[in-house]
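S.K.: I'll drop the sequence and a predicted model, then ask my questions.
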Amino acid sequence: MTENQFGTLTDDQLFELAKDLIDDYAELKNVKTDDLVEILSAADNKSDMVYAMLTSKYQIIQMEQRDGKWTPINNDGDGVTGTVPISKLLRDIAADGISYQLNYNNYEKNGLTDKILYFAVNSFASYDADWIYKNVKHYSDLINKHYCDFSYAKIYQYLHCENHREDYDEFESGLLDDLCKIYDDEMKCDELYIIPDDEAKRLLPCDRKIMWDLLYGENAKNY
């Protein structure tokens, strides 16, 4: 099931989102709520980012640092580290961009000038939410956060599975022509089955392709 990612927020929703961002991000704590509402409102008129920041229920994986490396796989190696709505990544991107422009243009001294408004809006509203949905890890790396989609996590799990390490170079070089083949009997895919049954959550479009292969592809397993 897909979600409607197009629309604009009401004044009350913009205020709610602005309050959430100020409460959740230390770098925005000195921004006036009305100023942040103005930034979000202007961005909402030119991008789907703002609407998705409040409404998206697509799920992504929040990776953990373990032994000096970021991993999407839990300690037992049979599942993911944990999921969060992709709106968390979208908000991270917005907070990072807005705070940088406010600091760079001396917002605390000058207030929200037209110039600062322009640059603050374009610091994140130039991104396309659908493109972020298809490139989660890329965008999380850009802001030094650590998220990925289920597809990446399951490939990671397969490549780091002890029985498959001899095949690591082959997979790393992109020779795998069918993602479904990596889902063999030793892999647990419970997360992908649970999420589509939860009306409050949605798999990303790229993950739904994997889900389809698992359920109906030639390598589909009986769960």
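M.R.: Everything's here; your move.

S.K.: Find the nearest non-adjacent residue to the spatially most central residue of the chain, please.
M.R.: The centre of the chain sits closest to Ile86, judged by CA atoms, centre = their mean, with a distance of 3.7 Å. In this structure, Ile86 finds its nearest non-sequential neighbour in Tyr58, 4.4 Å apart by CB to CB, 6 or more residues apart in numbering. For every residue, glycine as well, the C-beta is placed using N, CA and C.

S.K.: and what of Asn103?
M.R.: Once flanking residues are discounted, Asn103 sits nearest to Glu27: 8.0 Å by CB to CB, 6+ apart.

S.K.: I figured that neighbour hits Ala95, correct?
M.R.: Yes: contact status for Glu27 versus Ala95: in contact at 6.3 Å, counting by CB atoms under 8 Å.

S.K.: Neighbour count for these two, which is higher?
M.R.: Using other CB atoms under 10 Å as the criterion, Glu27 and Ala95 rank with Ala95 on top: 22 against 15.

S.K.: since we're on the residue nearest to Asp128 when sequence neighbours are not counted, how many residues are nearby?
M.R.: Excluding its sequence neighbours, the residue lying closest to Asp128 (CB to CB, 6+ apart) is Asp48, at 7.0 Å. Neighbourhood size, Asp48 [other CB under 10 Å]: 21.

S.K.: circling back: the residue nearest to the centre of the chain and Pro205 touch, don't they?
M.R.: No: counting by CB under 8 Å, Ile86 does not reach Pro205; the two are 11.2 Å apart.

S.K.: Quick check: neighbours shared by these two?
M.R.: Contact criterion CB atoms under 8 Å, 6 or more residues apart in numbering; residues shared by Ile86 and Pro205: Tyr133.

S.K.: avg pLDDT for the strand or helix carrying Tyr156?
M.R.: For Tyr156, the host element (DSSP states H and E) is helix 150-159. For helix 150-159, mean pLDDT rounds to 82.

S.K.: quick one: contacts for the spatially closest residue to Gly82 that is not a sequence neighbour?
M.R.: Spatial nearest neighbour of Gly82, excluding adjacent residues (CB to CB, 6+ apart): Gln62 at 5.4 Å. Applying CB under 8 Å, 6+ apart to Gln62 gives the contacts 81-84, 88, 146-147.
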